[in-house]
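K.L.:
here is a sequence together with a model predicted from it:
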Amino acid sequence: MKMTFRWFGENSDNVKLSQIKQIPGMTGLMGFLDYKAAGEVWTEEEIKDYIDKVHAAGLECEVIESVNVHEDIKMGLPTRDKYIDNYITTIRNLAKYGVKVIIYNFMPVFDWLRTDLAHPIPEDGSNSLYYDEKDLGDMGPMEIVKKTAADSNGFSLPGWEPERLAELEKTLEQYKGMTPDMLRENYKYFLDRIIPVCEEVGVRMACHPDDPAWPIFGLPRIAHTQEQFDMICDLHDSPANALCICTGSLGSNTVNDVPSVIRHFGERGRIAAMHVRNVKFLDGYHHFREASHLSSEGDLDMFAIMKAIYDTCPDAYVRPDHGRMIWDEVGRPGYGLYDRALGATYLNGLWEAIDKMSK
Ligand code: DNO
């Protein structure tokens, strides 16, 4: 297991590399060029510049997260080939600088979705990301986009890039009538082209689950249960067609037994990366908030999760996912320094205990 941290680059993160380096047991990053629009090539110069800085801080950068897939690929439009060519160039460029895993998703239009980015947690005075389906029902896609942008403390939010969402109404219209099977067909077309390149250059693609783990706004979503991930693995059977299991995304839906999903795909050699965080279910339908990582503060069993990783995919890259905002920090919602650092330390502690108990 390599413990890593998400970092957005020196011009768009309140967290400094020197601070990340001081978190005990931190080996490197899940890196991101947050200014790249979906479909654009990540050039060698840009990648080198980012990774050189990470290395200079004494950290590794073997994982890149959010090389976003252009909507034309997901929709299967004739223009998709041009964007797939660009994606392949990006894979090759990243591989040249030592990247081994690329985390991405195949969710139409929206990546993750919340109805409040800073919901107060009355018990301790902190706040966290929050979802209430009731609020969403009142809002609709345009409003949620505006609200999310307005609540982001001025930071760009991955998955909510303005360029992607500028043509939202048109894009939503284009998805009308697309079934999950049709989306899967387009997904297969994409994988059939990129996975042979990944095999050649030694990169693994890691698909991130739908977050939350159910369909929204009538859009097809095909990555939120074990059965759906089995289908994704079967679309192109290769160890390079792998998964990033995000415990909080899958765990938002009680149908998913997260440790058992990890074991299922870990045993099959299909987990390249893990996002580890906790969720707390609240009263009502599809209603939860994000919790600190500690098992007793939420509804997921973090010991069982780390044990499943230890037993079935011990080489996976792990990062503490979203934290609460604590200690008056002002930062990108979900991605402050303090609570994620506490999370990393806690997860490393669980790992040490599991390791020693196993010997
Ligand atoms: C949310 C993140 C996701 C993830 C993408 C990968 O906080 O976990 O935005 O990076 O789905 O493409």
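P.N.:
Structure's in. What do you need? Numbering: from 1, shown residues only.

K.L.:
CA atoms for contacts and neighbours, from now on please.
P.N.:
Noted.

K.L.:
list, one by one, the residues from the chain near the ligand.
P.N.:
Residues of the chain lying close to the ligand by Cα under 6 Å from any ligand atom are 65-66, 68, 103-105, 111-112, 158-159, 208.

K.L.:
between these, which has the most around it?
P.N.:
Neighbour tally across the residues of the chain next to the ligand (other Cα atoms under 10 Å): the maximum, 27 neighbours, falls on H208.

K.L.:
what about the longest helix belonging to the chain, distance to the chain center?
P.N.:
Counting residues, the longest helix found in the chain (DSSP state H) is helix 180-201. Averaged C-alpha coordinates place helix 180-201 at 19 Å from its chain's average position (Cα atoms, centre = their mean, to the nearest Å).

K.L.:
quick check: the residue lying closest to T179 once chain neighbours are set aside vs the ligand, distance?
P.N.:
Distance criterion Cα to Cα, 6 or more residues apart in numbering; nearest residue to T179, sequence neighbours excluded, is P220 at 6.0 Å. Distance, P220 to the ligand, using Cα to the nearest ligand atom, to the nearest Å: 16 Å.

K.L.:
quick one, what contacts P220?
P.N.:
Taking Cα atoms under 8 Å, 6 or more residues apart in numbering, we find P220 in contact with 108, 178-180, 183.

K.L.:
for D301, same thing?
P.N.:
S295.

K.L.:
kindly report the same for A213.
P.N.:
By Cα under 8 Å, 6+ apart, the neighbours of A213 are 223-225, 249-253.

K.L.:
tell me which of the residues you listed fall in helices.
P.N.:
Those of the contacts of A213 lying in helices (DSSP H): 249-251.

K.L.:
closest to E60 among these?
P.N.:
S249 (25.8 Å; Cα to Cα).

K.L.:
count of neighbours near that closest one?
P.N.:
24.

K.L.:
go on, the one 5 residues further on?
P.N.:
Using other Cα under 10 Å as the criterion, T254 is surrounded by 12 other residues.

K.L.:
equivalent analysis for the one 3 residues further on, please.
P.N.:
Residues near D257, counting by other Cα under 10 Å, number 16.

K.L.:
what's in contact with the helix or strand bottoming out on mean pLDDT in the chain?
P.N.:
One helix or strand of the chain scores below all others by mean pLDDT, DSSP states H and E: helix 162-165, with a mean of 71. With Cα under 8 Å, 6+ apart as the test, helix 162-165 has contacts from 37-38, 109, 145.

K.L.:
which residue in the residues you listed has the weakest pLDDT?
P.N.:
Confidence by pLDDT is poorest for V145 among these, given 87.

K.L.:
and that residue, what does it touch?
P.N.:
160, 165.

K.L.:
quick one: low-confidence ranges for the chain?
P.N.:
164 (pLDDT under 70).

K.L.:
the contacts of helix 162-165 in helices, which ones?
P.N.:
Per DSSP H, the subset of the contacts of helix 162-165 in helices is V145.

K.L.:
just the contacts of helix 162-165: which are in strands?
P.N.:
Cross-referencing the contacts of helix 162-165 against strands under DSSP state E gives no overlap.

K.L.:
how about the nearest residue to D355, chain neighbours excluded?
P.N.:
In space, D355 is closest to Y310, 7.9 Å off (Cα to Cα, 6+ apart).
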